[in-house]
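Asker: I need the structure of the sequence given here:
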Amino acid sequence: MILNIPIIDKTQPDMLTWDCTQDGQYSVKSGYHAIMEWGNIPNASPSNNSQHIWNVLWKLKVPPKHSHLLWRVLHNALPVKNNLFKRGVSDGHWSTGLVLRRSDGSTVGVATRTHNGSADVVTGEAMGLMDAIEWIEKLGEQSVIFELDSQVIVKAVKGQSNIFKSWGKVVRRCSLFLKGNPRSDIKWVQRKANQATHEMTKWAEIEPNKEWTTNIPFCIWSVIQKDKGNIPSFQDE
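Answerer: I've put the predicted structure just below:
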């Protein structure tokens, strides 16, 4: 199971994260919903012993979320290995399609990437952004626009949000790249303007972890032509 956790950026330190919110930050509300989901609250009235423990915890002079955390520990409500298996975490992999184009929509190169392990959709999108950053740095490009159809990630980067999930490392990594390359940017685009990358993502199942600057896979030829009408112009400042 540990091997199924995607490692996004080894250069950044580990952090504590809460799995039941999108940004990884714990809240009492999310804790309550998590307990209900995991089925660890009995339907019947609580026993005298449980009620006594609950009363003692609430009398402690600590923030409510800390008392709530202690209660979850006592009731086996933490997302430990057994609970995670119950929630359906299993083997799998994620694929990414990358397309580098000029401002007129013509293609400079394309690439595919694959990652072993299980992840949610947002983390998968973030892994794609990390692949793009690493590819751009490898090519030595300093003036680019990262186009994603994931509003969650684009908004997090634009707002420099403090995300405590694993994909938050990508947000910070992208922010550092943009800071070091002021002529670059990240933008949200509609899915119809990003079809070429989706086709390359499918192609990654056939030819994973490859790059093309010539003889681009035929699967995106027609898509590139159609996408040109949806590509926003990019003018150097």
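Asker: make it CA atoms for all contacts and neighbour counts henceforth
Answerer: Fine.
Asker: mind listing residues that contact stretch 144-157?
Answerer: With C-alpha atoms under 8 Å, 6 or more residues apart in numbering as the test, stretch 144-157 has contacts from 122, 125-126, 129, 132, 163, 171-172, 174-175, 183-191, 194, 234.
Asker: from those, which ones fall inside strands?
Answerer: D185, I186, K187, W188 (DSSP state E).
Asker: give me the nearest residue to the first one, chain neighbours excluded.
Answerer: What it means is D185. Distances taken as C-alpha to C-alpha, 6 or more residues apart in numbering place I145 nearest to D185, at 4.8 Å, with adjacent residues excluded.
Asker: that neighbour - how many residues pack around it?
Answerer: Neighbourhood size, I145 [other C-alpha atoms under 10 Å]: 18.
Asker: tell me how far it lies from I186.
Answerer: 5 Å (C-alpha to C-alpha, to the nearest Å).
Asker: next: S103.
Answerer: Note on S103: its distance to I186, by C-alpha to C-alpha, is 14 Å.
Asker: of those two, which one has the most company?
Answerer: Neighbour count, other C-alpha under 10 Å: between S103 and I186, I186 has more, with 19 against 15.
Asker: which residues touch the longest helix seen in the chain?
Answerer: With DSSP state H setting the assignment, residue counts place helix 121-139 as the longest helix in the chain. Residues from elsewhere that reach helix 121-139 (C-alpha under 8 Å, 6+ apart): 8, 94-98, 113, 142, 146, 150, 152-153, 166-167, 170-171, 173-174, 177.
Asker: least confident secondary structure element in the protein?
Answerer: Across the helices and strands of the chain, the lowest-confidence element by mean pLDDT, DSSP states H and E is helix 81-86, at a mean of 41.
Asker: mind listing which of the contacts of helix 121-139 are in helices?
Answerer: Among the contacts of helix 121-139, the residues falling in helices (DSSP H) are V152, I153, V170, V171, R173, C174, F177.
Asker: ranking the residues you listed by neighbours, who comes first?
Answerer: So for those (other C-alpha under 10 Å), the most neighbours sit at V170, 27 neighbours.
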